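Trainee: how would this look folded up:
(one chain, ligands or ions: 1)
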Amino acid sequence: MTALRNTSVALISDAAPFAIRAERGSDVVAREALLDACFGANRHTRTCQRLRDGRAPAEGLAFSVVRQDGQARLVGTVRLWHVSAGGVPALVLGPLAVDASCREFGIGAALMTHALAAAKARGHGAVILLGDAPYYARFGFTALGTGELSLPGPFERDRLLGLELREGALEGAWGMIAPSGAEAPLAKPRLAGKARKLAAHAA
Ligand SMILES: CC(C)(COP(=O)(O)OP(=O)(O)OC[C@H]1O[C@@H](n2cnc3c(N)ncnc32)[C@H](O)[C@@H]1OP(=O)(O)O)[C@@H](O)C(=O)NCCC(=O)NCCS
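Mentor: Down below sits the predicted model:
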């Protein structure tokens, strides 16, 4: 496995005050707010969410974009997830989102390029996503290798796209795409003040 150099900070351009870095635990609230704003509060009912429910993203493959102008505000996110694509190991990418105030600066493209390079460096063979072909075609995604695959819920066939990071990685991919990643760690319950003191005392 080749480690990706400089995954923590990669400037998108000298002029733009944005950086891509590995997602941190402290990003969760801002990330979820960004996703709500981009996809709506009912986003959890989408078919692709069934591939992420209760799972952790693939190791080293969750990224945030933050402003570098003193705000350190999170303005972009992408994550990749382990799946079995009809028995073939692959990653599913998504959701990809950029804050509406920061679009058309190339952040989405930089985030995609960074995430795909990181996935390749970690030895993954293929990435699948459900999304707009006119956008994802620029990164090499096509519907060619995904015609025999399906998802655990309704989806539009022409939006199921794949990219082989290793030639032939999606050959023989036939059947249901199913989650195969590690379970997400359970969120620690937040204890009220008195209960927290009691727990600390008991420890
Ligand atoms: C899609 C998204 C991530 C792009 O982010 P971005 O930082 O604006 O992307 P970039 O600046 O790298 O690219 C902008 C280009 O993509 C195009 N583009 C953006 N969304 C597109 C879409 N859904 N279909 C086709 N082209 C699209 C823009 O028209 C622009 O084209 P140009 O380069 O010819 O001017 C952002 O628009 C977003 O978060 N949208 C809402 C969430 C979403 O729909 N995410 C998944 C997309 S399926």
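Trainee: can you list the residues of the protein near the ligand?
Mentor: Taking CB under 6 Å from any ligand atom as the criterion, the neighbours of the ligand within the chain are 38, 96-98, 103-109, 131-132, 134-135. Just so you know, the C-beta spots here come from the backbone N, C-alpha and C atoms, and that holds for glycine as well.
Trainee: how far is stretch 65-81 from where the chain is centred?
Mentor: Relative to its chain's centre, stretch 65-81 lies at 13 Å (CA atoms, centre = their mean, to the nearest Å).
Trainee: swap in stretch 146-161?
Mentor: Mean C-alpha position of stretch 146-161 versus that of the full chain (CA atoms, centre = their mean) differs by 18 Å.
Trainee: ok, now stretch 34-43?
Mentor: Centre to centre, stretch against its chain (CA atoms, centre = their mean), the figure for stretch 34-43 is 15 Å.
Trainee: likewise stretch 136-150?
Mentor: The chain centroid and the centroid of stretch 136-150 are separated by 17 Å, computed with CA atoms, centre = their mean.
Trainee: and for it, what's in contact with it?
Mentor: The contact list for stretch 136-150 (CB atoms under 8 Å, 6 or more residues apart in numbering) reads 85-86, 109, 112-113, 116, 126-129, 131, 133, 157-158, 160-164, 170-171, 173-177.
Trainee: do stretch 44-59 as well
Mentor: Counting contacts by CB under 8 Å, 6+ apart, the residues outside stretch 44-59 that touch it are 23, 39, 43, 79-83, 91-92, 94-95, 119, 122, 124, 130, 151-155, 177-179, 181-185.
Trainee: do that again at 6 Å, thanks
Mentor: With CB atoms under 6 Å, 6 or more residues apart in numbering as the contact definition, stretch 44-59 has outside contacts at 79-83, 91-92, 94, 130, 151-155, 179, 181-184.
Trainee: about what we covered before: of the residues of the chain next to the ligand, select the buried ones using a ChimeraX command.
Mentor: Remark: buried members of the residues of the chain next to the ligand, expressed as a ChimeraX selection using 16 or more other CB atoms under 10 Å:
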select :96,97,98,105,107,108,131
